[in-house]
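Chemist: when you get a sec, could you give me coordinates for this:
(chains A and B)
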Number of protein chains: 2
Amino acid sequence: MALGPESASAPATERVVISVDAMGGDRGPAAVVAGLADSLARHPRMDVILHGDEAVLRPLVNRHPALSSRITLRHAERVVKMEDKPAQVMRHGQGTSMFATIDAVKDGEAAAAVSCGNTGALMAVSMLRLRKLPGLNRPAIASLFPTPTPGKMNVMLDMGADVKADAADLLQYAFMGASYARNGLAIVRPRVGLLNVGTEEHKGRAELHEAHALLSRSADAGSFAYIGFVEGTDILSDRVDVIVTDGFTGNVALKAIEGTARLVGDLLRQTLTSTLMAKLGAVLASGAFRRLQMRIDPRRVNGGVFLGLNGTVVKSHGSADATGIAAAIGLAYQLAQVRFLERLAARVASAEAAGQDAAREEADRDAAGPATGGYPTE
Amino acid sequence: MALGPESASAPATERVVISVDAMGGDRGPAAVVAGLADSLARHPRMDVILHGDEAVLRPLVNRHPALSSRITLRHAERVVKMEDKPAQVMRHGQGTSMFATIDAVKDGEAAAAVSCGNTGALMAVSMLRLRKLPGLNRPAIASLFPTPTPGKMNVMLDMGADVKADAADLLQYAFMGASYARNGLAIVRPRVGLLNVGTEEHKGRAELHEAHALLSRSADAGSFAYIGFVEGTDILSDRVDVIVTDGFTGNVALKAIEGTARLVGDLLRQTLTSTLMAKLGAVLASGAFRRLQMRIDPRRVNGGVFLGLNGTVVKSHGSADATGIAAAIGLAYQLAQVRFLERLAARVASAEAAGQDAAREEADRDAAGPATGGYPTE
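Modeler: All right, here's what the predicted structure looks like:
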């Protein structure tokens, strides 16, 4: 991932603290601590508060004597399980490592949180403890996708924080997604596209036409380039940097992409072991295959980011291994050290202003009254 | 594709006539005639009415002297172009090869139609000329998808005939999709799943919960097994045979899958030409790669089927080559010879009855009245 220069952000001597939930992932705390150690070694300015069962975590942390002084252990009695319902966790989740992980951000002890627990519960707890940014209607989950260009990632949101989004929500997603692309991926003026069933203006649902008009008028205020409607084929393309959609469509698209990659991978493996010649060929090409796998390895782009809360939360995939966890923690660190949250909050405020501008323009036009000059935005 | 036994369907001596639009595809009439010739050679009981510019088509047809007696040429002055708007084509499309292709089905001359023209225009013209089946609210486009099992295809609908669908529409899609899987893919009791963002009952939008209840109660009437909610990862899986969704979500998922397959294929090609060793390996494994390509070749499953009209219409991909066109014509032939349309119409009628039953049961329960026995369905 391309990272912005650290000098432009937090002072180079400042420590950056990340709050990490050691529990709740499919592979258990050992994978989390291994990924954490890897990430600490890469980022000398990072410290970690690690939440979970101290009796389990202490021996795992002690395997990394050079790093253990940078890890603060916080014992948590309880764990949120994958099958726990978000509503139950919200009501009865006090004392879980997930609550403690988010509360460290809420209390200002840590700059960002990472968990590989249950997505629904993590979003519910994050909403409950961190609350939404002022002026924001629906928070969103943003994920990263590979493209044909090495090292270049696309951002898509919402991936399922909410199953619906109206035009004003889609406008806020665009502002938040563009801010994430700028601060997380160092894309100065991201190209934003609105996911639809065709690129022609007459296609798609009513709320998309409304969002299209809003985005066309607000792109300057959000410091992005609005490229109009994009299609499913564009998600993994070089045409666009940020793909905006509702959480239902985004979640289905994400999982359709995962399913396709898995099927093609499985068939390829079958193919390359089907005959002696193919096996021989596979051995000769194994170095090239490994490089390909590195490039599209979903573990290396692990981490859905919750956007729109008073705190940065990175959701690691439940089945992430040490490599995946390290990527998620690295992403949280990157966002924390560029002070992403302050920038995002400013963008959400400007999206609100831009939306009000647009609504006012609309009302003015509808009333056939004189055009106003519009309100100043950042 | 697995086909049902012909003996169970139309008498083995009966001719099956397919109406084919020679114009409007990206590769022009030569590809259509080449695919047509291939398909005629495979299906000795098939005859074709071919619509388009006679001056262009006559020499192309004459290249196949053994088959030309089975092709009836119908001159059409005009062509629907890819950029033509559906509404314009509906109003001013008289005299185009697309209109003539559909009218041959309307007039009972042909049992099914095939076109690789503009999808929106083809659906509009088909709706206008063939009209919807009695009791049907929204027609749908069904497409086929590969799975891990060789030769096994999954059906998904709607792929974009309409951008929305309520619970009653989704029930009709399930009945039509199951009928298509039975008659087009010889799956006796298809497993139907409803596309959602998770498999738990509380997930997703309100209309999906309503559709979930309708489908649970109507599966027997539709002779399918309802397996509940499925996710994007299941579209290309062996878990399900028919995936039901609205046309917006279906179209985005289809194109996301296409985009992923394309990216992985492109990266694989780059990888296998990146070093001398990789090139050598690729040569050795080339036979295995060819078999893999055959298996997931989208041209071999070419053809979206329009379901819910008084006539069978197969939409071939606009960029289809001769192999793709032959697959689309073969699909139209298969559906025609099992008398799919009559069976589908019966299913739509039974979906209507099942929906009314379900609505009545609901009303009865709501009124806390005595339970009724339900209405008989086929």
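
Chemist: what's the weakest-modelled helix or strand in chain A?
Modeler: helix A:286-296 (a mean of 73; mean pLDDT, DSSP states H and E).

Chemist: list the helices and strands that one packs on?
Modeler: If you count contacts as 3 or more Cβ pairs under 8 Å, 6 or more residues apart in numbering or on different chains; DSSP states H and E, helix A:286-296 packs onto helix B:247-271, helix B:276-284. For glycine as for every other residue, the C-beta is placed from the backbone atoms N, C-alpha and C.

Chemist: need the ones you listed in CSV with distance to residue A:220, mean neighbour count and mean pLDDT, can you?
Modeler: Formatted as CSV, the helices and strands packed on helix A:286-296 follow (distance: least, Cβ to Cβ, whole Å; neighbours: other Cβ atoms under 10 Å in any protein chain shown; pLDDT from 0 to 100):
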stretch, distance to residue A:220, mean neighbour count, mean pLDDT
helix B:247-271, 28, 22, 89
helix B:276-284, 46, 17, 78
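
Chemist: need these in TSV with distance to chain A, can you?
Modeler: As requested, the helices and strands packed on helix A:286-296 are exported to TSV (distance: least, Cβ to the nearest Cβ, whole Å):
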stretch	distance to chain A
helix B:247-271	3
helix B:276-284	3
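
Chemist: can you tell me the helix or strand for the residue nearest the centre of chain A?
Modeler: Geometric centre of chain A, nearest residue: residue A:305, 2.5 Å, by Cα atoms, centre = their mean. Secondary-structure assignment from DSSP states H and E places residue A:305 in strand A:304-307.

Chemist: thinking again about what came up before, for the least confident helix or strand of chain A, which outside residues touch it?
Modeler: Residues outside helix A:286-296 that contact it (Cβ atoms under 8 Å, 6 or more residues apart in numbering or on different chains): A:146, A:150, A:261, A:282, A:300, B:263-264, B:267-268, B:271-272, B:274-275, B:277-278, B:281.

Chemist: for stretch A:194-201, same thing?
Modeler: Taking Cβ under 8 Å, 6+ apart as the rule, stretch A:194-201 contacts A:156, A:170, A:174, A:203-204, A:208-209, A:211-212, A:215, A:228-232, A:235, A:243-245, A:249-250, A:253, B:160, B:163, B:247-248, B:251-252.

Chemist: which of those residues fall in helices?
Modeler: A:170, A:174, A:208-209, A:211-212, A:215, A:249-250, A:253, B:247-248, B:251-252 (DSSP state H).

Chemist: kindly report the residues of the stretch 251-378 of chain A close to chain B.
Modeler: Applying Cβ under 8 Å from any Cβ of the partner chain, one finds that the stretch 251-378 of chain A approaches chain B through A:251-264, A:266-268, A:270-272, A:274-275, A:277-278, A:280-289, A:291-292, A:295-296.

Chemist: in a helix, residue A:56, correct?
Modeler: Yes: counting by DSSP: H, G, I helix; E, B strand; the rest coil, one finds residue A:56 located in a helix.

Chemist: skip the chain neighbours and tell me the closest residue to it.
Modeler: residue A:29 (5.5 Å; Cβ to Cβ, 6 or more residues apart in numbering or on different chains).

Chemist: check residue A:80 too.
Modeler: residue A:98 (4.5 Å).

Chemist: which residues are in contact with that neighbour?
Modeler: Residues near residue A:98 by Cβ under 8 Å, 6+ apart: A:21, A:23-24, A:51, A:79-80, A:89, A:115, A:117, A:121-122, A:125.

Chemist: and for residue A:223?
Modeler: Residues counted as contacts of residue A:223 (Cβ under 8 Å, 6+ apart) are A:178, A:182, A:189.

Chemist: tell me which element the residue in the stretch 51-200 of chain A that chain B sits nearest to is part of?
Modeler: As assessed by Cβ to the nearest Cβ, chain B sits closest to residue A:197 within the stretch 51-200 of chain A, at 4.2 Å. Secondary structure assignment for residue A:197, by DSSP H and E: no helix or strand.

Chemist: residue A:348 now?
Modeler: Judged by DSSP H and E, residue A:348 forms part of helix A:340-366.

Chemist: could you give the mean pLDDT of that helix?
Modeler: Helix A:340-366 shows a mean pLDDT of 76.

Chemist: swap in stretch A:91-98?
Modeler: On average, stretch A:91-98 scores 93.

Chemist: same question for stretch A:35-55.
Modeler: pLDDT averaged over stretch A:35-55 gives 96.

Chemist: same check, this time on stretch A:161-176
Modeler: pLDDT averaged over stretch A:161-176 gives 94.

Chemist: residue A:66: neighbouring residues, count only.
Modeler: 9 (other Cβ atoms under 10 Å in any protein chain shown).

Chemist: can you give me the domain assignment for chain A?
Modeler: Annotated domains of chain A cover A:1-131+A:309-338, A:142-299+A:341-378 [automatic domain parsing].

Chemist: mind checking how far the last one is from the chain centre?
Modeler: The reference is to domain A:142-299+A:341-378. Here the centre of domain A:142-299+A:341-378 is set off from its chain's centre by 12 Å, with Cα atoms, centre = their mean, to the nearest Å.

Chemist: residues contacting the nearest residue to residue A:193 once chain neighbours are set aside?
Modeler: Leaving aside its sequence neighbours, residue A:193 sits nearest to residue A:230 (Cβ to Cβ, 6+ apart; 3.3 Å). By Cβ under 8 Å, 6+ apart, the contact set of residue A:230 is A:193-196, A:199, A:239-240, A:243.

Chemist: ok, 6 Å please
Modeler: Contacts of residue A:230 were listed using Cβ atoms under 6 Å, 6 or more residues apart in numbering or on different chains, and they are A:193, A:195, A:240.

Chemist: let me see the ranges of the strands in chain A.
Modeler: A:16-21, A:46-52, A:71-75, A:112-115, A:140-146, A:153-157, A:191-195, A:225-230, A:242-244, A:304-307, A:312-315 (DSSP state E).

Chemist: the first one to strand A:46-52, inter-axis angle?
Modeler: Relative orientation of strand A:16-21 and strand A:46-52, computed by axes from the mean of the first three to the mean of the last three Cα atoms, to 10 degrees: 20 degrees.

Chemist: what's strand A:16-21 packed up against?
Modeler: On a contact count with 3 or more Cβ pairs under 6 Å, 6 or more residues apart in numbering or on different chains; DSSP states H and E, strand A:16-21 meets strand A:46-52, helix A:97-106, strand A:112-115, helix A:322-337.

Chemist: mind listing what the first one pairs with, with the direction of each?
Modeler: Strand A:46-52 has the following strand partners under DSSP bridges: strand A:16-21 (parallel), strand A:71-75 (parallel).

Chemist: give me the mean pLDDT for the first one.
Modeler: So that's strand A:16-21. Averaged over strand A:16-21, pLDDT sits at 97.

Chemist: run through who's touching it.
Modeler: Applying Cβ under 6 Å, 6+ apart, the contact partners of strand A:16-21 are A:45-51, A:97-98, A:101, A:104-105, A:110-115, A:332-333, A:336-337.
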